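> Structure here, sequence nowhere to be found:
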């Protein structure tokens, strides 16, 4: 750690935090896009604990990367729930015990820097876009406990009229399928969401989806069916994103990317099988338009750090290789 690195080099620091249900992931970047540091801390429960966690994690990050609060140009926060990106108010972040929270209002009294707040998946989409060359349109498909997507066009987050753009997890693709938490049947999320798959599997285990894949390869018919469901649901999400928004690439992230090549192979096979009887679908080459992020890539924190720039400019390409643990 080099004390005072930001002041010595004259670089303004952008801080980005991904506030998750169990941990907060934070990165600091400078204007060249270099990652100066990264820290992860547990996330607390309730509005007070969430704000305290954001502040404590920011100070821990400053110590890790060798800068002070006075060096911070902006703080971006990606957080689950409904987010009014103009006011920074978060509503109904149920996994955090937050009903309504104005993060900027609460945190500005401690850190005197502009705060920007965005839904975590939309922030992750911006971060994923920053790792790619050029400014082609793309979607970020988050396959985790739940399923959602963020869309980037012309370097900007596309939110839609009411902020629900990208909620592909709650599009029903099987009216006779499993009941979703949203009340519908057969939503995409019931097929390829980690939580839904774990409930359908119904067996104890630390990583149920990994257990499902292992059991499927060992010949378990229930596991094989759930593995096929995952590929079918993820393929449906990719089709929905490409056909509705015509993005060039769908970048896949989230906890299920721990499946690695097995997930990518299954998804590519499902997309090719779905297109087998349709010349139109074959012409879209969907199996060639998907990419998996490396496990543990801090795209949500990166995107949060770029939020202050997102409305007016394309994301700065981020040099992820410079990240610190």
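That came through fine. Computed from a predicted model, the values in this text were never measured in an experiment. Numbers count the residues shown, from 1 in each chain.

> So which bits of stretch 184-199 are buried?
By 16 or more other C-beta atoms under 10 Å, the buried positions in stretch 184-199 come out as 186-198. The C-beta positions use only the backbone N, C-alpha and C, and glycine is treated the same way.

> I meant stretch 16-30, not that one.
16, 17, 18, 19, 20, 24, 25, 26, 27, 28, 29, 30.

> Could I get the full set of strands for the stretch 1-150 of the chain?
Here the stretch 1-150 of the chain has its strands, by DSSP state E, counting those that start in this stretch, at 13-19, 23-29, 35-42, 72-79, 82-84, 89-93, 98-102, 115-119, 138-143, 147-153.

> Identify whichever of those strands lies nearest to residue 58.
Comparing the strands of the stretch 1-150 of the chain against residue 58 with C-beta to C-beta, the closest turns out to be strand 13-19 (5.6 Å).

> Any idea how far that closest one is from the middle of the chain?
Centroid separation for strand 13-19 versus its chain: 14 Å, with C-alpha atoms, centre = their mean, to the nearest Å.

> Which secondary structure elements does it sit against?
Applying 3 or more C-beta pairs under 8 Å, 6 or more residues apart in numbering; DSSP states H and E, one finds that strand 13-19 makes contact with strand 23-29, helix 47-65, strand 72-79, helix 120-130, helix 299-305.

> From the contact counts, what lies against the first one?
Going back to what we said before, that points to strand 23-29. So strand 23-29, by 3+ C-beta pairs under 8 Å, 6+ apart, packs with strand 13-19, strand 35-42, helix 47-65, helix 299-305.

> now what about it, what contacts it?
Contacts with strand 23-29, where a contact means C-beta atoms under 8 Å, 6 or more residues apart in numbering, come from 13-18, 35-43, 53-54, 57-58, 60-62, 65, 67, 298, 300-302, 305-306, 316, 318, 323.

> Show me which of those residues are buried.
Neighbour-count burial (16+ other C-beta under 10 Å) is assigned, among those, to 13-18, 35-41, 43, 53-54, 57-58, 60-62, 65, 67, 298, 300-302, 305-306, 316, 318, 323.

> Report the contact partners of residue 82.
90, 91, 92, 93, 119, 163.

> so what's residue 171 up against?
By C-beta under 8 Å, 6+ apart, the neighbours of residue 171 are 187, 188, 236, 240.

> Kindly reformat those residues as JSON lines containing secondary structure, pLDDT and distance to residue 82.
Below are those laid out as JSON lines (DSSP: H, G, I helix; E, B strand; the rest coil; pLDDT from 0 to 100; distance: C-beta to C-beta, whole Å):
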{"residue": "187", "secondary structure": "strand", "pLDDT": "96", "distance to residue 82": "18"}
{"residue": "188", "secondary structure": "helix", "pLDDT": "97", "distance to residue 82": "19"}
{"residue": "236", "secondary structure": "helix", "pLDDT": "97", "distance to residue 82": "24"}
{"residue": "240", "secondary structure": "helix", "pLDDT": "97", "distance to residue 82": "21"}
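
> JSON lines for the residues you listed, including distance to residue 278?
Listed next are the contacts of residue 171 as JSON lines, based on distance: C-beta to C-beta, whole Å:
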{"residue": "187", "distance to residue 278": "23"}
{"residue": "188", "distance to residue 278": "20"}
{"residue": "236", "distance to residue 278": "14"}
{"residue": "240", "distance to residue 278": "15"}
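
> just those now: which is nearest residue 173?
residue 236 (4.8 Å).

> Give the burial count for the nearest residue to the closest one once chain neighbours are set aside, as a bare number.
For residue 236, ignoring the flanking residues on the chain, the nearest one in space by C-beta to C-beta, 6 or more residues apart in numbering is residue 173 at 4.8 Å. Look at residue 173: counted by other C-beta atoms under 10 Å, it has 19 neighbours.
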